[in-house]
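S.K.: Make a model of this:
(chains A and B)
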Number of protein chains: 2
Amino acid sequence: MKRVMLKVAYDGTNYCGWQVQPNGITVQQVLNECLTEFCGEPIHTIGASRTDAGVHARGNVAVFDTAMRMPGDKFSFALNTRLPGDIRIDGSREVPADFHPRFTDTVKTYEYRILNRQFPDPTRRIGSFFTYYSMDIERMQAALPYLIGEHDFRSFQASGDIDPARSTVRTVYSATIGREEDMITFRIQGNGFLYHMVRIIAGTLMEIGNARREPEDMGRIIEARDRSAAGDTAPACGLTLLEIRYPAWGF
Amino acid sequence: MKRVMLKVAYDGTNYCGWQVQPNGITVQQVLNECLTEFCGEPIHTIGASRTDAGVHARGNVAVFDTAMRMPGDKFSFALNTRLPGDIRIDGSREVPADFHPRFTDTVKTYEYRILNRQFPDPTRRIGSFFTYYSMDIERMQAALPYLIGEHDFRSFQASGDIDPARSTVRTVYSATIGREEDMITFRIQGNGFLYHMVRIIAGTLMEIGNARREPEDMGRIIEARDRSAAGDTAPACGLTLLEIRYPAWGF
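M.R.: Model (predicted):
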């Protein structure tokens, strides 16, 4: 037996998120079925990030165990000829049998893109959220320093997911926002994110950019430790999980 | 009656091109049906560029005549609530009744995008062609000066579309190519393009980038006035019609 790690990219538009569930097709389900058929044995992948319905990924991570003797780096080529066009394996490798993609220190990077113009653009509707509200990038940038560092991000956790036993402290390593023509790109990197955290931060940043809140509000929202202090949850379609790294494992 | 001009954007993936045809759904057909229902009179649009199946647009142009008294600039808002998500009107205006989008001097801009990495990326598959062949941008750039100016571009015309009575002379105003991470973007602007011309140029540039041809071959290909001298036709999915301007009309 060996453990293989996959870097998984997908357009989440047509999936009910990552994790297998009874009421709709998920990325993990498609991947499990494809691997089970290819390996000739029942395969159950373990995903690093259970992305929501409609959320995209360029670098989600999944592992599985197989008796197949094919080298770990060849799985990406084999799977990509069998998967639908909206899921691709962007690399594979063998990893130690005790590597678990969730119970390990990580560096995760997410991107939220906002298409900010008068009308939507059909050629850029995957991986961006469209809004015609005016957005002042400098105001949004001024709110970012409050996010950096170790904080209790409880205000940015979806209220339906509160488990008092679980810590809501996370560390954000970097947060940037920039505009190229009509596309605004927000990137955030940290050691982990609470349920809906990136989308609630993105929604709050859009309210700051649209002058409905002040940049300094970001600090007050963190201090409040209260979901109702933050802005709306930005739609899933604009969010992409870019990368997950495991520094302690060297990948 | 008045003549209204639409700037039309679409993801061409699921359409049999622009022009109405008997064997499949086209962008023009969807637009005609939407306008006919909205205006309450039979509407037949005239398109500026009859893009091929799978080709995208951010700025194709269409005109139609209507008895409706709504101001020309309001049609974009009304149509965008009725069109499917892969077609959007990116602005509308009233134009003089004798304006014809094809029989008028134009400046057209096309973009061809090449996603150049080891594996495809599902989140960027609209509006780009994927290839894992190595591409040397400097070689491709060195081929561009041959294209600039007025030339007989017969070598870059699809061989199925040859009408000896029609001139194959066109003027290219500018041509640029650049790379940002794994995305190569080729832009070309001219007073018009022959059938498949941008895609054949893009296919030839890829052969130059991959060292299967020399940059200087571009000049020899133009001189040959022979389709077989040029490279393959690059796939439709990478091509986007960005913009059509009508300088004599001030728009």
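
S.K.: So, low pLDDT: which residues of chain A?
M.R.: A:161 (pLDDT under 70).

S.K.: Chain B contacts on that one?
M.R.: Within chain A, the positions near chain B by C-beta under 8 Å from any C-beta of the partner chain are A:9-11, A:56-58, A:76, A:80, A:85-91, A:118-127, A:240. For the C-beta atoms, the positions are set from N, CA and C on the backbone; glycine is no exception.

S.K.: Which members of those residues are positioned in helices?
M.R.: If you go by DSSP state H, these have A:76, A:80 in helices.

S.K.: Tell me the buried residues within the residues of chain A next to chain B.
M.R.: Neighbour counting with 16 or more other C-beta atoms under 10 Å in any protein chain shown marks A:9-11, A:56-58, A:76, A:80, A:86-91, A:119-127, A:240 as buried within the residues of chain A next to chain B.

S.K.: Make sure residue A:189 is indeed in a strand.
M.R.: Yes - judged by DSSP: H, G, I helix; E, B strand; the rest coil, residue A:189 forms part of a strand.

S.K.: quick one, helices of chain A?
M.R.: A:27-39, A:75-80, A:137-143, A:197-209, A:217-224.

S.K.: Can you say which of those is nearest to residue B:249?
M.R.: helix A:137-143 (34.4 Å; C-beta to C-beta).

S.K.: isn't residue A:24 right next to residue A:16, touching?
M.R.: Yes - counting by C-beta atoms under 8 Å, residue A:24 does reach residue A:16; the two are 3.3 Å apart.

S.K.: Let me see the contact set for residue A:137.
M.R.: A:177-179, A:184, A:209 (C-beta atoms under 8 Å, 6 or more residues apart in numbering or on different chains).

S.K.: Distance of it relative to residue A:208?
M.R.: To residue A:208, residue A:137 is 10 Å away according to C-beta to C-beta, to the nearest Å.

S.K.: show me where the stretch 101-250 of chain A has strands.
M.R.: A:107-116, A:129-131, A:149-152, A:169-180, A:183-190, A:239-245 (DSSP state E, counting those that start in this stretch).

S.K.: Which part of the stretch 151-251 of chain A gets nearest to chain B, residue-wise?
M.R.: Distances between the stretch 151-251 of chain A and chain B by C-beta to the nearest C-beta are smallest at residue A:240, namely 6.1 Å.

S.K.: ok, so what distance separates the nearest residue to that residue once chain neighbours are set aside from residue A:31?
M.R.: Of all residues not flanking residue A:240 in the chain, residue A:56 sits nearest, at 4.3 Å (C-beta to C-beta, 6 or more residues apart in numbering or on different chains). Using C-beta to C-beta, residue A:56 is found at 15 Å from residue A:31.

S.K.: try residue A:192
M.R.: For residue A:192, the distance to residue A:31 equals 23 Å [C-beta to C-beta].

S.K.: Of those two, give the one with the bigger neighbour count.
M.R.: residue A:31 (26 against 17; other C-beta atoms under 10 Å in any protein chain shown).

S.K.: Isn't the more buried one up against residue A:61?
M.R.: No - in this structure residue A:31 lies outside contact range of residue A:61 using C-beta under 8 Å: 11.8 Å.

S.K.: Now do the shared contacts for those two.
M.R.: Here residue A:31 and residue A:61 share the contacting residues A:6, A:8, scored by C-beta under 8 Å, 6+ apart.

S.K.: domain ranges for chain A?
M.R.: For chain A, automatic domain parsing gives the domain ranges A:2-103, A:107-245.

S.K.: Next, format those domains as a markdown table and append distance to residue B:150.
M.R.: Below are the domains of chain A laid out as a markdown table (distance: least, C-beta to C-beta, whole Å):
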| stretch | distance to residue B:150 |
| --- | --- |
| domain A:2-103 | 41 |
| domain A:107-245 | 30 |
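
S.K.: So for residue B:163, which of these sits nearest?
M.R.: The nearest among the domains of chain A, by C-beta to C-beta, is domain A:107-245 at 30.9 Å.

S.K.: The strands of the stretch 101-250 of chain A: which one's closest to residue B:221?
M.R.: Nearest of the strands of the stretch 101-250 of chain A to residue B:221, taken as C-beta to C-beta: strand A:169-180 at 34.0 Å.

S.K.: give the contact list for residue A:249.
M.R.: A:95-96, A:99, A:104.

S.K.: Next, count neighbours for residue A:103.
M.R.: Neighbourhood size, residue A:103 [other C-beta under 10 Å]: 9.

S.K.: Equivalent analysis for residue A:74, please.
M.R.: For residue A:74, the neighbour count with other C-beta under 10 Å is 12.

S.K.: For it, which non-adjacent residue is closest in space?
M.R.: Per C-beta to C-beta, 6+ apart, closest to residue A:74 is residue A:92, 7.4 Å.

S.K.: And that neighbour, how far from chain B?
M.R.: Using C-beta to the nearest C-beta, to the nearest Å, one gets 10 Å for the distance from residue A:92 to chain B.

S.K.: Residue A:250 is nearest to which of the helices of chain A?
M.R.: Checked against C-beta to C-beta, the stretch from those lying closest is helix A:75-80, at 19.1 Å.

S.K.: So what's the gap between the closest one and the chain middle?
M.R.: Centre-to-centre, helix A:75-80 and its host chain are 23 Å apart (C-alpha atoms, centre = their mean, to the nearest Å).

S.K.: Kindly report the same for stretch A:19-39.
M.R.: Computed by C-alpha atoms, centre = their mean, the chain-centroid distance of stretch A:19-39 equals 19 Å.

S.K.: if I look at residue A:42, how far off is residue A:64?
M.R.: From residue A:42 over to residue A:64 (counting by C-beta to C-beta), the distance is 10 Å.

S.K.: Tell me which of those two has more neighbours.
M.R.: Under the neighbour definition other C-beta under 10 Å, residue A:42 and residue A:64 were set side by side, and residue A:64 has more, 19 against 8.

S.K.: Now for that one: which residues touch it?
M.R.: Applying C-beta under 8 Å, 6+ apart, the residues contacting residue A:64 are A:3-4, A:6, A:35, A:43-46.

S.K.: again, 6 Å this time
M.R.: By C-beta atoms under 6 Å, 6 or more residues apart in numbering or on different chains, the contact list for residue A:64 reads A:4, A:43, A:45.

S.K.: how about TSV for those, with neighbour count added?
M.R.: TSV is the format used below for the contacts of residue A:64 (neighbours: other C-beta atoms under 10 Å in any protein chain shown):
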residue	neighbour count
A:4	25
A:43	19
A:45	22
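
S.K.: Nice, that's everything, thank you.
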